[in-house]
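[1] below are the sequence and a predicted model; questions follow.
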Amino acid sequence: MKLIEIAKSCSWGYHLRVLGIGLPFPRIPTKVSRIWKRRFASLSKDELMTLISAQCHDILGSEINWTQPKTFNDKLNWLKVNYHNPLLTICADKVKARDFFLSKFPGREDLLVRQLGVYDRFEDIDIDSLPVEAFVLKSNWGSGAQLIVNDKRGLNRSKARKIANKWIRIQGNHYYDFFEWGYKNIEPKIVVESFLSFKYKLEIFCFNGEPRFFWIVLNDKTKNTQANFYNLDWTRMPIKNHYPNFSEKVDRPEKYEEMLEMARGLSAGFPFVRCDFYVTGNGFRFSELTFYHWAGYCEFSPDDYNSIWGDMLTLPEKRND
């Protein structure tokens, strides 16, 4: 079964099928969200595993070992289906994750990017009250859904409204792209944040509550994104994962050990989580928690690291179905 099919239909045009449920194309704007959500909600576990397997095959050309998952990709996808800790819904939410961070590190509001507002829809935002220069609009339940506004006097509000309101539709929820359970039950919001100038992102991969390695991401969310992996002692790892490597030397940040300790506290109790931080000129800021690196469809070079990382991840014995 394909996730989405658009097929030629009779005399008038096209027909949309979302996971097997048909929808006449002209009625998409008014009906697709209800159809979309109902069909996904009714998936049996077997159907979900079948769809994830097909998606993995389409993206990587490989199969998932559901009965004895061994690789990193196998185990992340096993977690999508079997590990439904309610804390994932809080921690994957870019609004509520801040509260989770403060529950672990009370009084450390200084390590959060300043939030200017959280809204149900774009029309509720008082643009005129926002700073003239540099703020960010983003989705709380998607991946990469953000709009950087360098000067609001040049903001095309009509275009921004269309972009932002797409984020809060059901299709904007990252669960409906790659079945990442942590996103599924998040209430959609549009977030306005202060713009943060940062040098790079340092994202720490934590397995069963322990940081094991990290990657540094340059030019994040741009066409020129590059990334290198490092062991915790700051020695370079010979691996490429989706992004090209970079050759420039990156200095170890002064508060690196503090970031490691925070990652250890944030990841406690989770089988896997990537703790993401912004490194700035005078310190660092908390970014987000990522439970499914590359949605569980990671491309490795060399491929051995799919097994090496998989060996680091111990799956929980108890399933949260």
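    Ah, there it is.

[2] reduced to three states, what does the residue most central in space within the chain come out as?
    Here the mean C-alpha position of the chain is nearest to the C-alpha of residue 143 (C-alpha atoms, centre = their mean), at a distance of 4.4 Å. Three-state assignment for residue 143 (DSSP: H, G, I helix; E, B strand; the rest coil): coil.

[3] show me what the one helix or strand residue 202 maps to is packed against.
    Following DSSP states H and E, one finds residue 202 within strand 200-207. If contacts are counted by 3 or more C-beta pairs under 8 Å, 6 or more residues apart in numbering; DSSP states H and E, strand 200-207 sits against strand 210-218, helix 256-267, strand 272-280, strand 283-290. The C-beta positions use only the backbone N, C-alpha and C, and glycine is treated the same way.

[4] just the buried positions in the second one, please.
    Going by neighbour count (16 or more other C-beta atoms under 10 Å), the buried part of helix 256-267 is 256, 259-260, 262-263, 266-267.

[5] cool, and the third one?
    When neighbours are counted by 16+ other C-beta under 10 Å, the buried residues of strand 272-280 are found to be 272-279.

[6] ok, stretch 207-215 next?
    Neighbour counts using 16+ other C-beta under 10 Å place 207-209, 211, 213-215 of stretch 207-215 among the buried residues.

[7] any idea how far that stretch is from the chain center?
    What separates the centre of stretch 207-215 from the centre of its chain is 17 Å, taken as C-alpha atoms, centre = their mean, to the nearest Å.

[8] flag the shaky bits of the protein, pLDDT-wise.
    Within the chain, the stretches with pLDDT under 70 are 1-39, 318-321.

[9] strands of that one, start to end?
    Counting by DSSP state E, the chain has these strands, from start to end: 4-9, 13-18, 21-24, 115-119, 133-139, 146-151, 190-194, 200-207, 210-218, 226-231, 236-237, 272-280, 283-290.

[10] minimum distance to residue 166: which of those has it?
    strand 133-139 (9.0 Å; C-beta to C-beta).

[11] send over that closest one as CSV, restricted to the C-alpha atoms.
    The C-alpha coordinates for strand 133-139 follow below in CSV (Å, rounded to 0.1, in the frame of the first residue of the first chain):
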residue,chain,number,x,y,z
GLU,A,133,15.0,43.1,13.2
ALA,A,134,15.6,39.3,13.3
PHE,A,135,13.1,36.9,14.7
VAL,A,136,12.1,33.4,13.7
LEU,A,137,8.8,31.8,13.0
LYS,A,138,8.8,28.0,13.5
SER,A,139,6.5,25.0,13.9
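
[12] find the nearest non-adjacent residue to residue 186, please.
    Excluding the flanking residues, the one nearest residue 186 by C-beta to C-beta, 6 or more residues apart in numbering is residue 141, at 4.1 Å.

[13] wait, the one you found sits on residue 188?
    Yes - with contact defined as C-beta atoms under 8 Å, residue 141 reaches residue 188; the gap is 5.4 Å.

[14] and this structure, what are its domain boundaries?
    The chain breaks down by automatic domain parsing into domains covering 1-42, 86-109+197-312, 114-194.

[15] just send those domains back as TSV, with distance to residue 58 too.
    What follows is the domains of the chain, written out as TSV (distance: least, C-beta to C-beta, whole Å):
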stretch	distance to residue 58
domain 1-42	9
domain 86-109+197-312	9
domain 114-194	11
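
[16] of the ones you listed, which is nearest residue 48?
    Closest of the domains of the chain to residue 48 is domain 114-194, at 6.4 Å (criterion: C-beta to C-beta).

[17] about what we covered before: now distance to residue 314 too, for the strands of the chain, in TSV please.
    Below are the strands of the chain laid out as TSV (distance: least, C-beta to C-beta, whole Å):
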stretch	distance to residue 314
strand 4-9	35
strand 13-18	36
strand 21-24	38
strand 115-119	35
strand 133-139	32
strand 146-151	34
strand 190-194	34
strand 200-207	8
strand 210-218	11
strand 226-231	20
strand 236-237	21
strand 272-280	9
strand 283-290	19
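
[18] so which of those is nearest residue 100?
    Closest to residue 100 of these, according to C-beta to C-beta: strand 283-290, at 7.7 Å.

[19] for that closest one, output the C-alpha coordinates as CSV.
    Output in CSV follows, covering the C-alpha atoms of strand 283-290 (Å, rounded to 0.1, in the frame of the first residue of the first chain):
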residue,chain,number,x,y,z
GLY,A,283,28.6,29.9,25.4
PHE,A,284,25.7,27.7,24.3
ARG,A,285,21.9,27.3,24.2
PHE,A,286,19.6,24.3,24.3
SER,A,287,18.0,23.6,20.9
GLU,A,288,15.9,20.4,21.0
LEU,A,289,15.7,16.7,21.6
THR,A,290,15.6,14.4,18.6
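
[20] let me know the angle separating that strand from strand 272-280.
    150 degrees (axes from the mean of the first three to the mean of the last three C-alpha atoms, to 10 degrees).
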